[in-house]
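> Next comes the sequence, and after it the predicted model I'd like to discuss.
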2 protein chains.
Amino acid sequence: MNQVIELIKADVKKEKPAVESLGFGKHFTDYMFVMDYNDEDGWHHPRITPYAPLVLEPSAMVLHYGQAVFEGLKAYRAKDGRVLLFRPEKNVARLNMSCARLSIPQIDEDVVLDAIKQLVELEKDWIPNEEGTSLYIRPFIIATESSLGVHPAHEYKLMIILSPVGSYYGDQLKPVRIYVEDEYVRAVPGGVGFTKTAGNYAASLKAQEKAEQMGYDQVLWLDGVERKYIEEVGSMNIFFKINGEVVTPKLNGSILGGVTRDSVIQLLQYWNVPVREVRISIDEIYEAYQKGQLEEVFGTGTAAVISPVGELGWKDIIMELPNAEDPDTIAKRLYDALTGIQLGKTEDPLNWTLEIK
Amino acid sequence: MNQVIELIKADVKKEKPAVESLGFGKHFTDYMFVMDYNDEDGWHHPRITPYAPLVLEPSAMVLHYGQAVFEGLKAYRAKDGRVLLFRPEKNVARLNMSCARLSIPQIDEDVVLDAIKQLVELEKDWIPNEEGTSLYIRPFIIATESSLGVHPAHEYKLMIILSPVGSYYGDQLKPVRIYVEDEYVRAVPGGVGFTKTAGNYAASLKAQEKAEQMGYDQVLWLDGVERKYIEEVGSMNIFFKINGEVVTPKLNGSILGGVTRDSVIQLLQYWNVPVREVRISIDEIYEAYQKGQLEEVFGTGTAAVISPVGELGWKDIIMELPNAEDPDTIAKRLYDALTGIQLGKTEDPLNWTLEIK
Ligand SMILES: Cc1ncc(COP(=O)(O)O)c(C=O)c1O
Ligand SMILES: Cc1ncc(COP(=O)(O)O)c(C=O)c1O
């Protein structure tokens, strides 16, 4: 079933960047994975080739009609030197779900998983060692057909590129300040909000800029229909601890179903901490805050794993979450558990890591 | 004020395609326009160069986060040989409006208008002569910066490519069959529906496929909030003639404000035909249909100018518009007037054409 992945060797290797200068998604490794699609051959010619620029027709459909989906996951270097992936099959499955909605032909998930493994294995020297660092893996699919007609393309490229990264938001578990956006809308049921497609991110930039101008780190999106139900943060899902119970917005067609979100829910259940997927409005959050019952707010995502929210701004209201830096919050416990599993420091009770060897 | 546009000559010229094989956006001319942006120099180095593939980093932001906007307009060959553009300043202004929403730096509209004129002048031999054909002009801007961080890019390219085209929907004034989509949503207020950004089109493909499978040509979108107000068609705005009055959905933040739509409204006003921009639901349309008051339905867009709708499908209901092929409809009168102006056959009372010389 698995196609053989051809390896085209690189003549020269790049110098690896110093860990302090890593940033996020700025440096790329020596190799990338590429696979092509056309209607006749389906997905074909999987190959690992030297990292190099892409040559695209100016009329390549991705540049005009945005048929593009992507994924983001990480390879971690364990203390004992092992290389670990965290639930990569979830990302590959989500990629296919994004493809289905964006009229992109389905991929063979085994082939793509295998491609990730082989590429990371080949590039494992690029995985940085320091706390909070990792090798970010970016699979993506773009429509390459040359045509200005609006229709699903007949030619695509799937690529996987790797980037050694520091931590996305600066220091780990540094509380973030979030602004509740009530003017711009990210997604709506019937749309593409539940997929990782390029256009969702373009559409979010304006609100993100506005939040930054107001001194916030990220945006909390409300639903686009009633403009009051909590959806998610820029590139994180969101959780609230209210009166001892953890809640998070239920997946409704406009929220991206994060792998970290799913892992957090499973871990809490495993620990017997009450957790529920709910439909919850910003008014309810504010009410809980006023009653002193809003105990924690945190975001979840591959980039920063868990981000405690220190401040939630909504119109003129500022909700301060003073315990965001406490050592015995649920957020901290989740962060330690998840990073412990990801880095192979602790047990992996739910069997989430995949060792690459 | 205007920057000088450098011309880099092409060594070889392509053979021009036969008119029967034109299609839409499949063939491109010998030259294209390119201009770059970076934070230091702003938009700079406007140039006309041989049409050639683009070289992009695999991490170019447009491929991941969809920061891309575009325009579409046409150059027409008049019977007397003159080359005419139709309200090109409207497209350039709309491009800037799209840029503003997508956090792309503003362009100098005079420079881009000048670029269109110079490029079309240079390529005027590519404008086909036959009825219904034209030279399609596609300006577009893409984020070229290499980065996987989600933020507005710091580097862009603006390009203009030209494609000799036949008519988009086959025969002119052939009635189209439209399906009222009630599952998928295109756009919502607070989103990017009023802009020509790539992601809007990617998000629309699934519904378009579904409509085609049901034997329809295009989709009629309903609003994403109440799921009942009429928005627009795949790549056209929509008009209804009800009981002697012409109505079209009012621009509400989720509908693209078409240049053809605006021209139709102005022409009707000029003719003293009653026309109104309204908020109108599909139920109201159906009610008018049942009362025998739905006299005409037609789409408006650069591609086909005016497309009479012969059938409107909504759930299990089929609304037949039998007079779509009549010679004395408003649709036909508008089509003749607009194409007459565009092709320099008739007077241009509202001063819409710009001759290139
Ligand atoms: C819009 C959005 N929501 C949520 C997430 C979190 O998803 P995950 O936990 O899979 O990284 C991401 C990041 O990938 C995202 O882009
Ligand atoms: C979504 C959408 N609506 C409407 C239109 C019609 O606009 P215009 O008349 O400017 O071509 C287009 C086409 O450009 C479009 O893409």
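All right, it came through fine. Ligands and ions are numbered 1, 2, ... in the order given.
> Could you pull out the strands in the stretch 51-200 of chain A for me?
A:54-56, A:68-70, A:73-77, A:83-86, A:134-143, A:155-165, A:176-181 (DSSP state E, counting those that start in this stretch).
> just the ones you listed: most buried one?
Mean neighbour counts were compared across the strands of the stretch 51-200 of chain A using mean count of other C-beta atoms under 10 Å in any protein chain shown; the top stretch is strand A:68-70, at a mean of 27. (Each C-beta comes from the backbone N, C-alpha and C, glycine too.)
> circling back: using a markdown table, lay out the strands of the stretch 51-200 of chain A together with mean pLDDT.
Converted to a markdown table, the strands of the stretch 51-200 of chain A look like this (pLDDT from 0 to 100):
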| stretch | mean pLDDT |
| --- | --- |
| strand A:54-56 | 98 |
| strand A:68-70 | 98 |
| strand A:73-77 | 97 |
| strand A:83-86 | 98 |
| strand A:134-143 | 98 |
| strand A:155-165 | 98 |
| strand A:176-181 | 96 |
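> Which one, of the ones you listed, ends up nearest to A:Lys210?
Nearest to A:Lys210, of all the strands of the stretch 51-200 of chain A, is strand A:176-181, at 7.6 Å by C-beta to C-beta.
> contacting residues around that closest one?
Residues from elsewhere that reach strand A:176-181, judged by C-beta atoms under 8 Å, 6 or more residues apart in numbering or on different chains: A:169, A:207, A:210-211, A:214-222, A:233, A:282, A:297, A:299, A:307-315.
> Are any of these buried, and if so which?
Applying 16 or more other C-beta atoms under 10 Å in any protein chain shown to the contacts of strand A:176-181, the neighbour count classes A:169, A:207, A:211, A:216-222, A:233, A:282, A:297, A:299, A:307-314 as buried.
> Run through the neighbouring helices and strands of whichever helix in chain A runs longest.
Longest helix in chain A by number of residues, with DSSP state H as the criterion: helix A:198-213. For helix A:198-213, the helices and strands in contact under the criterion 3 or more C-beta pairs under 8 Å, 6 or more residues apart in numbering or on different chains; DSSP states H and E are strand A:68-70, strand A:176-181, strand A:218-222, helix B:61-65, helix B:198-213.
> Tell me how far it lies from the chain's centre.
Computed by C-alpha atoms, centre = their mean, to the nearest Å, the separation of helix A:198-213 from the middle of its chain amounts to 16 Å.
> between it and strand A:176-181, how many degrees?
Taking axes from the mean of the first three to the mean of the last three C-alpha atoms, to 10 degrees, one finds helix A:198-213 and strand A:176-181 inclined to each other by 110 degrees.
> Tell me which residues of helix A:198-213 come out buried.
A:198-208, A:211.
> by how many degrees do that helix and strand A:134-143 diverge?
130 degrees.
> does helix A:198-213 come close to ligand 1?
No: counting by C-beta under 6 Å from any ligand atom, ligand 1 is not contacted by helix A:198-213; separation bottoms out at 6.6 Å.
> In PDB, list the C-alpha atoms belonging to that helix.
Extracted C-alpha coordinates of helix A:198-213, given in PDB (Å, rounded to 0.1, in the frame of the first residue of the first chain):
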ATOM      1  CA  ALA A 198      -5.400  29.400   4.500                       C
ATOM      2  CA  GLY A 199      -8.200  31.900   4.100                       C
ATOM      3  CA  ASN A 200      -9.300  31.600   7.800                       C
ATOM      4  CA  TYR A 201      -6.000  33.100   8.800                       C
ATOM      5  CA  ALA A 202      -6.000  35.900   6.300                       C
ATOM      6  CA  ALA A 203      -9.400  36.800   7.500                       C
ATOM      7  CA  SER A 204      -8.200  37.000  11.100                       C
ATOM      8  CA  LEU A 205      -5.300  39.400  10.600                       C
ATOM      9  CA  LYS A 206      -7.300  42.600  10.900                       C
ATOM     10  CA  ALA A 207      -8.700  41.700  14.300                       C
ATOM     11  CA  GLN A 208      -5.300  40.500  15.500                       C
ATOM     12  CA  GLU A 209      -3.700  43.800  14.500                       C
ATOM     13  CA  LYS A 210      -6.500  45.700  16.300                       C
ATOM     14  CA  ALA A 211      -6.000  43.700  19.500                       C
ATOM     15  CA  GLU A 212      -2.200  44.300  19.300                       C
ATOM     16  CA  GLN A 213      -2.700  48.000  18.900                       C
END
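> touching ligand 2 at all, that helix?
No: where contact is defined by C-beta under 6 Å from any ligand atom, no part of helix A:198-213 touches ligand 2; the two come within 13.5 Å at best.
> average pLDDT for that helix?
pLDDT averaged over helix A:198-213 equals 97, rounded to a whole number.
> Show me what from the stretch 251-357 of chain A comes close to ligand 1.
Counting by C-beta under 6 Å from any ligand atom, the residues of the stretch 251-357 of chain A near ligand 1 are A:256, A:258-261, A:300-302.
> Scan those residues and report the most crowded one.
Among these, the one with the most neighbours (other C-beta atoms under 10 Å in any protein chain shown) is A:Thr300, at 28 neighbours.
> what comes into contact with the helix or strand hosting that residue?
Using DSSP states H and E, A:Thr300 falls within strand A:294-301. Contacts of strand A:294-301 with the rest of the structure, by C-beta under 8 Å, 6+ apart, involve A:176, A:178, A:218, A:233, A:235-244, A:258, A:260-261, A:263-264, A:285, A:288, A:306-309, A:312, A:319, A:321, A:323-324, A:329-331, A:334.
> neighbours around A:Pro88, how many?
26.
> ok, A:Pro105 to B:Thr260 distance?
Taking C-beta to C-beta, to the nearest Å as the measure, A:Pro105 and B:Thr260 are separated by 34 Å.
> whoops, I mixed them up, A:Tyr289
The span separating A:Tyr289 from B:Thr260 equals 50 Å under the rule C-beta to C-beta.
> How about A:Val185?
Distance from A:Val185 to B:Thr260, by C-beta to C-beta: 27 Å.
> In chain A, what residue comes closest to chain B?
Nearest to chain B in chain A, going by C-beta to the nearest C-beta, is A:Gly199, at a distance of 1.7 Å.
> Please name the residues that touch that residue.
With C-beta under 8 Å, 6+ apart, A:Gly199 has these contacts: A:66, A:68, A:192, B:66, B:192, B:197-200, B:202-203.
> Rebuild those residues as JSON lines, extending it with distance to B:Glu347.
Output for those, formatted as JSON lines (distance: C-beta to C-beta, whole Å):
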{"residue": "A:Gly66", "distance to B:Glu347": "40"}
{"residue": "A:Ala68", "distance to B:Glu347": "46"}
{"residue": "A:Val192", "distance to B:Glu347": "45"}
{"residue": "B:Gly66", "distance to B:Glu347": "43"}
{"residue": "B:Val192", "distance to B:Glu347": "38"}
{"residue": "B:Thr197", "distance to B:Glu347": "36"}
{"residue": "B:Ala198", "distance to B:Glu347": "38"}
{"residue": "B:Gly199", "distance to B:Glu347": "40"}
{"residue": "B:Asn200", "distance to B:Glu347": "36"}
{"residue": "B:Ala202", "distance to B:Glu347": "41"}
{"residue": "B:Ala203", "distance to B:Glu347": "41"}
